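Colleague: just a sequence and a predicted model for now, questions to come.
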Amino acid sequence: MNYSVKDKFYQYILELQDTITSALETVDGTATFQEDIWKRPEGGGGRTRVIENGAVFEKGGVNISGVHGELPESMQNYFGVKDANFFACGLSLVLHPKNPMVPTVHANWRYFEMYDKEGNIVDQWFGGGQDLTPYYLFEEDATHFHTVCKTACDKHDADFYNTYKEKCDKYFWNAHRHEARGIGGLFYDYCKATDAMSMENWYDFTTEVANSFLESYVPIAEKRKDLPFTEAQRNWQEIRRGRYVEFNLVHDKGTLFGLKTNGRIESILMSLPPHVQWVYNHEPEPGSAEDKLVNVLKHPKSWL
């Protein structure tokens, strides 16, 4: 294995960022993404694009990064290595819509390499996925999102969807709340070369999933963005956003990796929504639409 996969994937995410931000600006119709180029002192950098106070998106970010250097001691301990260097690149996005009828969405596709002191690759893998976090549950939206995910997976392996859907349900789990962050999607990590899947195969799979993102989300946003909502429904959205924040700050490995490798803090925390509430001991009214959502989050289900 040589460096071609690294270079190829980095070029891919540069182009993917353009494709996604352009499409989302069209959906919003008012706001545009503001770009911020940053450099990491230890090596590498990124291109952050943030949209705020739009007609559809209250806040969102579509960020790419490519960072490299000495793997911090805490991460070396985590991976069980010594004197290792690394390269990591990926695209990460989070969109927080204004209308509570439109779900929040998150996606990330990434590639990682680890090197010994001589610069030889000692490990490499792909990871990624996309997941949906609604505030009001429209089952046809959940079915659409998961259908697009399954279609992308089935082009590569008939078992991938069920495997990575289950991993998504397990990963995006707020253990301290005993509930899922959302209604899932796909999550895969540490995808390494095997007899069945080369690194080129994993590249093809990851880009297949990433290319399906707009198809999975934009029709949902378009369908729900103009629905009426009440102040009480907006409050519920902000309370549920609090659970989203809790997951990202307590459990998310990507956030932890960024913080421990001296990533750019503004880019790492762009996933946090601008308006959020923590209401003491809040419980939805039994039988309400809010209660229906929470019941599904406590018991993840099949959508297909």
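Modeller: Looks like it arrived, so ask away.

Colleague: pLDDT below threshold where in the chain?
Modeller: 1-3 (pLDDT under 70).

Colleague: what are the ranges of the helices in it?
Modeller: 4-28, 73-79, 139-154, 160-171, 199-211, 213-224, 231-250, 253-260, 265-268, 289-298 (DSSP state H).

Colleague: any chance you could list what contacts the last one?
Modeller: It stands for helix 289-298. For helix 289-298, contacts defined as Cβ atoms under 8 Å, 6 or more residues apart in numbering pick out 134-137, 178-183, 236, 240, 284-285. Placement of C-beta: from N, CA and C, glycine included.

Colleague: of all the helices of the chain, which lies closest to residue 96?
Modeller: helix 231-250 (7.1 Å; Cβ to Cβ).

Colleague: quick one: the residue nearest the centre of the chain from residue 49, how far?
Modeller: By Cα atoms, centre = their mean, the chain has its centre lying nearest to residue 107, at 2.7 Å. Going from residue 107 to residue 49 by Cβ to Cβ, to the nearest Å gives 14 Å.

Colleague: also residue 128?
Modeller: 19 Å.

Colleague: likewise for residue 280?
Modeller: 36 Å.

Colleague: so between these two, which is more surrounded?
Modeller: Neighbours per residue, other Cβ atoms under 10 Å: of residue 280 and residue 49, the larger number sits with residue 49, 22 against 4.

Colleague: correct me, but the more buried one touches residue 35?
Modeller: Yes: between residue 49 and residue 35 a contact is recorded at 5.2 Å, counting by Cβ atoms under 8 Å.

Colleague: mark which of the contacts of helix 289-298 are buried, thanks.
Modeller: 134-137, 179-183, 236, 240, 284 (16 or more other Cβ atoms under 10 Å).

Colleague: contact partners for the residue nearest to the centre of the chain?
Modeller: 91-93, 128-131, 210, 213.

Colleague: kindly recompute the last result at 10 Å.
Modeller: 20, 62, 91-95, 128-132, 185-186, 209-210, 212-213, 216-217 (Cβ atoms under 10 Å, 6 or more residues apart in numbering).

Colleague: what do you get for residue 129?
Modeller: Applying Cβ under 10 Å, 6+ apart, the residues near residue 129 are 106-110, 149, 164-165, 167-168, 171-172, 184-189, 206, 209-210.

Colleague: 8 Å instead?
Modeller: Counted by Cβ under 8 Å, 6+ apart, residue 129 has contacts 107-109, 164, 168, 185-188, 209.

Colleague: distance of it relative to residue 121?
Modeller: 24 Å.

Colleague: before we move on, back to that, so how do I select the buried members of the contacts of residue 129 in ChimeraX?
Modeller: Selection of the buried residues among the contacts of residue 129 in ChimeraX, burial being defined by 16+ other Cβ under 10 Å:
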select :107,108,109,164,168,185,186,187,188,209
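
Colleague: would you turn the contacts of residue 129 into CSV with distance to residue 292?
Modeller: Output for those, formatted as CSV (distance: Cβ to Cβ, whole Å):
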residue, distance to residue 292
107, 25
108, 28
109, 31
164, 26
168, 21
185, 20
186, 24
187, 24
188, 29
209, 29
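
Colleague: closest one to residue 262 out of the contacts of residue 129, please.
Modeller: residue 108 (19.3 Å).

Colleague: show me the beta-bridge partners of the closest one.
Modeller: Residue 108 has the following beta-bridge partners by DSSP bridges: residue 92, residue 129.

Colleague: can you name the residues that contact the residue with the largest distance to the centre of the chain?
Modeller: Distance from the C-alpha centroid of the chain peaks at residue 118, with 33.4 Å (Cα atoms, centre = their mean). If a contact means Cβ under 8 Å, 6+ apart, then residue 118 has no contacts.

Colleague: now it: phi and psi?
Modeller: Note on residue 118: its backbone torsions stand at phi -90, psi 0 [degrees, to the nearest 10].

Colleague: how far away is it from residue 292?
Modeller: 57 Å.

Colleague: what does residue 206 give?
Modeller: As it turns out, when the distance is counted by Cβ to Cβ, residue 206 lies 34 Å from residue 292.

Colleague: okay, those two: which has more neighbours?
Modeller: Using other Cβ under 10 Å, the more surrounded residue of residue 206 and residue 292 is residue 206, with 25 against 14.

Colleague: and the closest residue to the more buried one other than its chain neighbours, how many neighbours?
Modeller: Spatial nearest neighbour of residue 206, chain neighbours left out: residue 126 (4.8 Å); criterion: Cβ to Cβ, 6 or more residues apart in numbering. In terms of burial, residue 126 registers 25 neighbours under the definition other Cβ under 10 Å.
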